[in-house]
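> Provided below are the primary sequence and the corresponding predicted coordinates.
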Amino acid sequence: MEINERIKELFRDEPDAPAVFYEDETWTWGDLARVSNGLRHALAAAGVPDGEGVGLVLRQRPHCFGAYLSVFAMRRCAVLVTPIQPDAAIRADLTALRPAVLVADVDDWQRPGFREALHTTGTLGIELTADRQQPVRVVPGLERVGSGPHYEPVADSAVTILTSGTTGPPKRVPVAYRFFASERPVKPRPPGQRGVAISAVPLVSLGGVLGAAAAAWRGRPTVLMERFDIWRWAETVRKYKPRQLAAPPAVLRMLLDNEVPREYLVSASVFRAASAALDPATADEFEAAYGIPVITAYGATEFLGPVTGFVGDDLALVKEKRGSVGRALPDTGVRIVDPDTGGELPRGEVGLLEADPPRRPADALKGWIRTNDLARMDGDGFVWIEGRADDVLVRGGFKVPANAVGEALRLHPGVADAVVVGLPDDRLGQVPAAAVVMREHASVSADELKAWVAEREPGYCVPVRVAFVDALPRNAMFKILVNEVRALIESEAGSAKQ
């Protein structure tokens, strides 16, 4: 069965059942069906062909969630645009994308230059009003699709998912409809007695896309938060009592730092942490505080999910292999190769990770897909991520592993978080610099932190500059934004010179 048929079933057969919990509101499948009907009417009235993709600025709001599922129900391609961009950036994104149709929240249509940018691309504009009875309207002045050219989705793709953009501009990865094919539960529970999907990641991310599809197949309502709040998330977990928790590793640290009571998470038997590196010490601290085992995995949008993890008998080895992201999943190839020759490396040596997953983007070729992640594999086949190739700085011929230097800084009792990046240097090419978040009431100088690193790493690894910041810039998936960290450090240095 294809997912478009399943979504149409929910719209038709369960109009009064809850579909989305948002703040203090409940939106039903019938409410979302009205969004779908409005979109269908607007596209038909404008003469948009059946195969045309639909751009969607996907906010964490019920009517946006409904629009996303509606595009699936129409068996079109949802071309996702993240709203978490400055005004100038989203205008540039849309101007380059040139969607034939763009669906966006009423707030987005008020952004400076937003309408004007889409007028130049000949885009049909559709506004989501947030009104349950009249949820859709065509934007005045953007009532028709212009002559183009416009973005053309890969044939039979259901959605284009944005990569994280942690080190550069995000890329759009097309996912075919066959990837979402499944079957409805044989004996589904009645509405109101089903589990609840608790979203901890943006809908535009791979996790958000997969979570929405899984919720639709099970007919489960989804809890959405406009902005992630650790206490609201914890309250939601306490209320709906899920057996499994899944969130980026940063959420573990948030729970510990905010001293969220153990009873909030008592329903969970496992915490699955993925999408970023997990500090082993944090995992141990979390397990001691909450009694919930932490299981890691490794994947990427380019793989359409995880390629390694702890499954089956390997679950018993989580503590023994702490720090590992598990072994290759069934039917998945994983290997470590030499960056220069491409040859597979012996066990224990660090190189670039490559994967041959059973599922891949609609436009991807068969065979091995190379990542920019450095990794090693032990004798049992367990994989350890050792940072990224672009995290290795070359300082006058010496290789500086930025991730390892950041870990050394985080070991300091006064440091809550830290990241190391490379700064350009006329003489040495690159030099390491650190952005550091201090723990509350801690007092330590930049020189003390440099000395701390010098005791643990070679001298060429010691940061030449330490910037103290209130928080590290992260994207909505809690991944560090390297370019913004670099700008913060350079900005603080410029201020100090004045």
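Now that the structure is in, tell me what you want to look at.

> so A375 versus G387, what's the distance?
In this structure, A375 and G387 are 9 Å apart, going by CB to CB, to the nearest Å. Placement of C-beta: from N, CA and C, glycine included.

> repeat for T121
39 Å.

> neighbour-wise, which of the two wins?
Using other CB atoms under 10 Å, the more surrounded residue of T121 and G387 is T121, with 22 against 19.

> that one contacts V101, correct?
No. When contacts are counted by CB atoms under 8 Å, T121 is not listed as touching V101 (10.8 Å).

> surely W384 touches N403?
No. Assessed by CB under 8 Å, W384 is found out of contact with N403, at 11.7 Å.

> strands of the stretch 101-250 of the chain, residue ranges please.
Using DSSP state E, counting those that start in this stretch, the strands of the stretch 101-250 of the chain run over residues 101-105, 124-128, 136-138, 157-162, 172-176, 197-198, 222-224, 244-247.

> need these in CSV (columns: distance to D447 and mean pLDDT).
Formatted as CSV, the strands of the stretch 101-250 of the chain follow (distance: least, CB to CB, whole Å; pLDDT from 0 to 100):
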stretch, distance to D447, mean pLDDT
strand 101-105, 49, 98
strand 124-128, 53, 98
strand 136-138, 60, 98
strand 157-162, 41, 91
strand 172-176, 45, 92
strand 197-198, 44, 93
strand 222-224, 46, 96
strand 244-247, 37, 92
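
> looking at those strands, which is nearest to V311?
strand 244-247 (13.3 Å; CB to CB).

> run through who's touching stretch 268-279.
Identification of contacts with stretch 268-279 by CB atoms under 8 Å, 6 or more residues apart in numbering yields 164, 201, 205, 207, 237, 242-253, 283, 286, 290, 292-299, 306, 385, 403, 407, 410, 477-479.

> in helices, which of these appear?
If you go by DSSP state H, these have G207, V237, A250, V251, L252, R253, A283, F286, Y290, N403, E407, R410 in helices.

> how about those residues, which pair is most distant?
Farthest pair in the ones in helices among the contacts of stretch 268-279 (CB to CB) is V237 and N403. Separation: 30.3 Å.

> tell me which of those two has more neighbours.
Neighbours were counted for V237 and for N403 using other CB under 10 Å; V237 has more, 23 against 17.

> from E287, how far out is the more buried one?
V237 is 17 Å from E287, by CB to CB.

> again with K187
For K187, the distance to E287 - CB to CB - is 35 Å.

> compare those two (neighbour count), which wins?
Counted by other CB under 10 Å, K187 and E287 do not tie: E287 has more neighbours, with 17 against 4.

> need the per-residue pLDDT for the more buried one.
On pLDDT, E287 comes in at 95.

> ok, now G429?
G429 carries a pLDDT value of 83.

> then G165?
So, for G165, pLDDT stands at 50.

> same deal with G168?
Taking G168 on its own, its pLDDT is 47.

> cool, A117 as well?
Looking at A117, the pLDDT reads 96.

> show me the contacts for the closest residue to I480 other than its chain neighbours.
Closest residue to I480 apart from its sequence neighbours, by CB to CB, 6 or more residues apart in numbering: V419 at 5.3 Å. Taking CB under 8 Å, 6+ apart as the criterion, V419 is in contact with A402, G406, A434, A435, L472, I480, V482, V485.

> helix or strand right after the helix or strand where the fourth one lies?
Per DSSP states H and E, A435 falls inside strand 429-438. Toward the C-terminal end, the helix or strand that comes next after strand 429-438 (DSSP H and E) is helix 446-454.

> list the buried residues in that following helix.
L449, K450, W452, V453 (16 or more other CB atoms under 10 Å).

> ok, the second one - contacts?
Okay, so that is K450. Applying CB under 8 Å, 6+ apart, we find K450 in contact with V462, P463, V466.

> alpha carbons of the helix or strand the last one falls within, as CSV, please.
Think V466. Here V466 sits within strand 465-468, counting by DSSP H and E. Extracted in CSV, the C-alpha atoms of strand 465-468 (Å, rounded to 0.1, in the frame of the first residue of the first chain):
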residue,chain,number,x,y,z
ARG,A,465,42.3,31.9,20.7
VAL,A,466,39.5,31.1,23.2
ALA,A,467,36.3,32.9,22.9
PHE,A,468,33.7,32.7,25.8
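
> coming back round to it: what's the average pLDDT for the helix or strand hosting the residue nearest to I480?
For V419, the enclosing helix or strand under DSSP H and E is strand 415-425. In this model, strand 415-425 has an average pLDDT of 92.

> please apply the same query to stretch 319-333.
Stretch 319-333 carries an average pLDDT of 94.

> end-to-end on that stretch?
Taking CA to CA, to the nearest Å, stretch 319-333 runs 24 Å from one end to the other.

> which outside residues touch that stretch?
Residues from elsewhere that reach stretch 319-333, judged by CB under 8 Å, 6+ apart: 280, 283-284, 295-298, 306-311, 314, 334, 355-358, 368, 378, 380-385.

> residues of that stretch that come out buried?
For stretch 319-333, burial by neighbour count (16+ other CB under 10 Å) applies to K321, S324, V325, G326, R327, A328, L329, T332.

> okay, now the unreliable bits of the stretch 351-498 of the chain?
Applying pLDDT under 70 to the stretch 351-498 of the chain picks out residues 493-498.

> ok, and the closest non-adjacent residue to V307?
V307's closest residue in space is A355 (CB to CB, 6+ apart), at 4.4 Å.

> quick check: what element follows the helix or strand hosting that neighbour along the chain?
Secondary structure from DSSP H and E places A355 in strand 351-356. Beyond strand 351-356 in the direction of the C-terminus, DSSP H and E gives the next helix or strand as strand 369-377.

> how close does Y290 get to V270?
11 Å.

> looking at the two, which is more packed in?
Taking other CB under 10 Å, Y290 and V270 do not tie; Y290 has more neighbours (22 against 15).

> the more buried one reaches E263, doesn't it?
No. Taking contacts as CB under 8 Å, Y290 lies outside contact range of E263: 9.8 Å.

> give the residues shared as contacts by these two.
Residues touching both Y290 and E263 (CB under 8 Å, 6+ apart): there are none.

> what about the nearest residue to L409 once chain neighbours are set aside, how many neighbours?
Distances taken as CB to CB, 6+ apart put A418 closest to L409, at 3.8 Å, once the chain neighbours are dropped. Applying other CB under 10 Å, we find 24 residues neighbouring A418.

> got it, and L43?
By the criterion of other CB under 10 Å, L43 has 24 neighbours.

> which secondary structure state is assigned to it?
State at L43, reduced to three classes by DSSP: H, G, I helix; E, B strand; the rest coil: helix.

> hmm, back to that, got a markdown table for the ones in helices among the contacts of stretch 268-279, with distance to R115 too?
Output for these, formatted as a markdown table (distance: CB to CB, whole Å):
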| residue | distance to R115 |
| --- | --- |
| G207 | 31 |
| V237 | 40 |
| A250 | 36 |
| V251 | 37 |
| L252 | 42 |
| R253 | 41 |
| A283 | 47 |
| F286 | 46 |
| Y290 | 48 |
| N403 | 43 |
| E407 | 47 |
| R410 | 45 |
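
> out of the residues you listed, flag the one nearest to K171.
Relative to K171, the closest of the ones in helices among the contacts of stretch 268-279 is G207; by CB to CB it sits at 16.8 Å.
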